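Enquirer: Fold the following.
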Amino acid sequence: MNPLAIIGRVFLDFLGAIGRVAVFTFHGVRHIFVPPFYLRLLVKQMMTIGYFSLPVVGLTAMFTGMVLALQIFIGAGRFNAESAVASIVVLGITRELGPVLGGLMVAGRVASAMAAEIGTMRVTEQIDALTTLSTNPFKYLVAPRLLAATLSLPVLVLVADVIGVMGGYLIATHKLGFNAGVYLKTTIDFLQTLDVVSGLVKAGVFGFIIALMGCYHGFHSKGGAQGVGKATTDAVVSASILILVANYFVTEIFFAGK
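Expert: All right, here's what the predicted structure looks like:
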């Protein structure tokens with residue numbers, strides 16, 4: 001019942017978890033570059049993570065851009081700065097809202113699916129069967145998912161950026177009375193290459209985190225169906241938190257001196 005003992009136990013458990021994740025990450029990344037390569041699994045995972053996530057990410061980006069334009073117009077109207085709507089919408093979507101909201105939506109859809117699939121394989125001893133058949137589980141299950149998510153998320157976020165900016169454009173021109181040509185010119189003038197590149201780098205980092213958390217929690221699940229359910233929940237929660245944490249650090253790297 002010593003409070004210091006409780007704090008120490010929690011801290012040591014936390015350090016142990018970090019160590020296990022680090023070792024898991026090392027093995028997963030290493031097997032991306034070591035043959036044999038399962039190209040069919042890679043393409044399948046890219047379709048699952050990227051293409052099939054496009055509807056939910058596209059809808060999220062569309063309505064985010066629309067709401068952002070509406071809210072900025074209302075807020076900027078108090079300072080007679082309505083003309084800033086186009087520039088703030090494009091910067092907000094490309095720098096932050098596109099990659100972050102896209103990453104969170106994909107985390108809810110993909111990390112949970114990965115954890116459930118791999119967790120079921122773990123509790124039903126299918127992963128042990130792969131080892132018996134001389135197939136490395138990291139090579140077959142983890143590496144294709146890590147690479148596919150890292151490659152798919154930037155493409156997905158790039159599409160989401162376009163859809164989100166279009167959503168702001170539609171609201172601005174059809175509801176708020178903006179001139180379409182002036183709005184597009186302002187958008188192009190204020191958008192810089194760094195804004196888009198920073199968002200795509202964030203998307204790649206977020207994709208890696210999503211796949212890593214989904215695979216890690218599924219790989220270490222135990223206790224039957226209840227354990228798989230817990231692994232699924234833990235995967236989504238940990239991926240979402242790490243996305244928000246990584247978002248700050250990547251933003252700090254790109255824009256700290258700006």
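Enquirer: can you give me the mean pLDDT across stretch 97-113?
Expert: Mean pLDDT, computed over stretch 97-113, is 92.
Enquirer: Actually, stretch 64-72.
Expert: For stretch 64-72, the per-residue pLDDT averages 91.
Enquirer: Quick one: distance of that stretch to the chain centre.
Expert: 22 Å (C-alpha atoms, centre = their mean, to the nearest Å).
Enquirer: got the buried residues for that stretch?
Expert: 64-66, 68-70, 72 (16 or more other C-beta atoms under 10 Å). Using the backbone N, CA and C atoms, a C-beta is placed for each residue, glycine as well.
Enquirer: same deal with stretch 247-256?
Expert: Of all the residues in stretch 247-256, those buried under the rule 16+ other C-beta under 10 Å are 247, 250, 254.
Enquirer: Out of the buried residues of stretch 64-72, which comes closest to L151?
Expert: When the buried residues of stretch 64-72 are compared for distance to L151 (C-beta to C-beta), T64 wins out at 23.7 Å.
Enquirer: Wait, that closest one touches G167, no?
Expert: Yes: at 7.1 Å, T64 counts as touching G167 under the criterion of C-beta atoms under 8 Å.
Enquirer: so of the buried residues of stretch 64-72, which ones are in helices?
Expert: Judged by DSSP state H, helices contain the following of the buried residues of stretch 64-72: 64-66, 68-70, 72.
Enquirer: Can you tell me what sits against stretch 191-204?
Expert: Here stretch 191-204 makes contact (C-beta atoms under 8 Å, 6 or more residues apart in numbering) with 90-91, 94-96, 98-100, 102-103, 150-151, 153-154, 156-158, 161, 246-247, 250-251, 254-255.
Enquirer: at 7 Å instead, please
Expert: 90-91, 94-95, 98-99, 102-103, 150, 153-154, 157-158, 161, 247, 250, 254 (C-beta atoms under 7 Å, 6 or more residues apart in numbering).
Enquirer: mind checking how far it is from the chain centre?
Expert: In this view, stretch 191-204 has its centroid 14 Å away from the chain centroid, taken as C-alpha atoms, centre = their mean.
Enquirer: buried sites along it?
Expert: By neighbour count with 16+ other C-beta under 10 Å, stretch 191-204 contains the buried residues 191, 195-196, 198-200, 202-204.
Enquirer: Please apply the same query to stretch 133-153.
Expert: Buried residues in stretch 133-153, defined by neighbour count with 16+ other C-beta under 10 Å: 137-153.
Enquirer: swap in stretch 45-56?
Expert: With burial defined by 16+ other C-beta under 10 Å, the residues of stretch 45-56 counted as buried are 45-46, 48-50, 53.
Enquirer: can you put those residues in JSON lines and add secondary structure, pLDDT and distance to T120?
Expert: Below are these laid out as JSON lines (DSSP: H, G, I helix; E, B strand; the rest coil; pLDDT from 0 to 100; distance: C-beta to C-beta, whole Å):
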{"residue": "Q45", "secondary structure": "helix", "pLDDT": "91", "distance to T120": "17"}
{"residue": "M46", "secondary structure": "helix", "pLDDT": "91", "distance to T120": "22"}
{"residue": "T48", "secondary structure": "helix", "pLDDT": "90", "distance to T120": "16"}
{"residue": "I49", "secondary structure": "helix", "pLDDT": "91", "distance to T120": "19"}
{"residue": "G50", "secondary structure": "coil", "pLDDT": "87", "distance to T120": "23"}
{"residue": "S53", "secondary structure": "helix", "pLDDT": "90", "distance to T120": "21"}
